[in-house]
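1. model this:
(2 chains)
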Amino acid sequence: MATSTYLSNPLVTVNAVDLTDQCSAANLTRVIEALESTSFGKTARVYVGGLENSTLTLTIYNSFAASETYATLAALVGTSTTVTIKPTSAATSATNPVSTLTGCYLETLPIVNAALGALDTIDITFTGGVYSVATS
Amino acid sequence: MIYTIASTRLGIIGDPYVPADGINVAALLSGGFIVEQSTPKPKKPAKTSTEPNEEI
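-> Below you'll find the model as predicted:
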């Protein structure tokens, strides 16, 4: 059976700013916390869904130039914002849905991650917020 | 408050920017991605040279 080929080339925005050309990895994981509801008489643990706590982790090339990475992220640490990601830069559709975390929190921002002979890259994680997906 | 786009990472420079739900406007201002435009004041009515009781 043939499978569709999907080359990773997502479009990423952070606080509405397009950081696609500064981003080399993105990992959006939808998480709904598991609350254990196992009771006496059960022979296996059982769970119910709790609060949603999704995360988006991005690997970004650090840049202190105007309108680049640092300018986008510096004022977001310790605040909530909205991030979006969709598989490709093509128009939003059922086969190219845009996922949004509204009100997600940026707890940490590495300022410098320098190594000799390497580009400065940082990993940032947005946590929480309301997950939604749009196809149009 | 009216905002104008100041970076191509956000859109077309010079276009008005209306922040969507959840967008941190302070961070956009701080990063120089948008600029604030003061709301234009309503123009004062033109002064007339006629006296208030003068009939035209």
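2. Enumerate the residues of chain B near chain A.
-> Contact residues (C-beta under 8 Å from any C-beta of the partner chain) of chain B with chain A: B:7-10, B:19-24, B:26-28, B:30-33. The C-beta positions use only the backbone N, C-alpha and C, and glycine is treated the same way.
3. Filter those residues down to just the ones in helices.
-> B:26, B:27, B:28, B:30, B:31 (DSSP state H).
4. Return the members of the residues you listed classed as buried.
-> Buried members of those, counted by 16 or more other C-beta atoms under 10 Å in any protein chain shown: B:27, B:28, B:31.
5. I'd like the residues you listed as a markdown table, with distance to residue A:46 appended.
-> Output for those, formatted as a markdown table (distance: C-beta to C-beta, whole Å):
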| residue | distance to residue A:46 |
| --- | --- |
| B:27 | 42 |
| B:28 | 45 |
| B:31 | 47 |
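6. Output these in JSON lines, with distance to residue A:51 and pLDDT appended to each entry.
-> Below are those laid out as JSON lines (distance: C-beta to C-beta, whole Å; pLDDT from 0 to 100):
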{"residue": "B:27", "distance to residue A:51": "26", "pLDDT": "95"}
{"residue": "B:28", "distance to residue A:51": "29", "pLDDT": "95"}
{"residue": "B:31", "distance to residue A:51": "31", "pLDDT": "94"}
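7. give me the low-pLDDT residue ranges for chain B?
-> Applying pLDDT under 70 to chain B flags the ranges B:39-41, B:48-56.
8. mind listing the strands for it?
-> Under the criterion DSSP state E, strands of chain B are mapped to B:2-5, B:16-17, B:34-37.
9. for chain A, same thing?
-> Going by DSSP E, chain A shows strands at A:11-14, A:17-18, A:23-29, A:32-36, A:47-52, A:55-61, A:80-86, A:98-106, A:121-127, A:130-134.
10. and these as CSV, adding distance to residue B:15?
-> Formatted as CSV, the strands of chain A follow (distance: least, C-beta to C-beta, whole Å):
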stretch, distance to residue B:15
strand A:11-14, 16
strand A:17-18, 14
strand A:23-29, 24
strand A:32-36, 38
strand A:47-52, 34
strand A:55-61, 26
strand A:80-86, 19
strand A:98-106, 21
strand A:121-127, 26
strand A:130-134, 22
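11. re the thing from before, output the strands of chain B as TSV; include the columns mean neighbour count.
-> As requested, the strands of chain B are exported to TSV (neighbours: other C-beta atoms under 10 Å in any protein chain shown):
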stretch	mean neighbour count
strand B:2-5	16
strand B:16-17	16
strand B:34-37	16
